[in-house]
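**Q** Make a model of this:
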Amino acid sequence: MISFTLPWPAKALHSNARAHWAAKHRATAAARQYAKVVAKGAKVGCWPNATIQISYYPPSRRGDPSNLPIACKAYIDGIADAMGDGCDDRHFKVDFPREFAGTKKGGELIFRVTE
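**A** A predicted model of the protein is given here:
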């Protein structure tokens, strides 16, 4: 198992955000690239059937954990990019929790990736 931490998703990535398409595009590209760099640094392997567990630590208790899967999509794509050719996220088994794990200043997400 490999574990790493990513920042709380940008506001433009949340499903309730009413961001301009260009702002959303920039936020998506930045999140995907950041996740790729962090996952490569954590030495994630090419695991086409990876299981991903996520723990949500929002900056406050306000919000709805059911909105996070959409906001995490760019991060999951970045993890697949870090795995290299032949790894597509469509076969990943992603555990999106129904509750927040706690709160942290600034917010963060902890990803645990297993083969």
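
**Q** What backbone torsions are found at the closest residue to K43 other than its chain neighbours?
**A** Once flanking residues are discounted, K43 sits nearest to I2: 6.7 Å by CB to CB, 6 or more residues apart in numbering. (Glycine included, C-beta is placed from N, CA and C.) According to degrees, to the nearest 10, the main-chain angles of I2 amount to phi -120, psi 140.

**Q** wait, I2 sits on K40?
**A** No - taking CB atoms under 8 Å as the definition, I2 is not a contact partner of K40, at 10.8 Å.

**Q** Now do the helices for the chain: every range, in order, please.
**A** Assigned by DSSP state H, the helices in the chain fall at 21-41, 68-83.

**Q** Farthest from the middle of this structure: give me that residue.
**A** H20 (21.1 Å; CA atoms, centre = their mean).

**Q** export the helices of the chain to a markdown table and tack on distance to A50 and mean neighbour count?
**A** Converted to a markdown table, the helices of the chain look like this (distance: least, CB to CB, whole Å; neighbours: other CB atoms under 10 Å):
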| stretch | distance to A50 | mean neighbour count |
| --- | --- | --- |
| helix 21-41 | 10 | 16 |
| helix 68-83 | 8 | 21 |
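
**Q** what's the closest of the ones you listed to I52?
**A** Judged by CB to CB, the one of these that comes nearest to I52 is helix 68-83, at 6.9 Å.

**Q** Cheers, nothing more for now.
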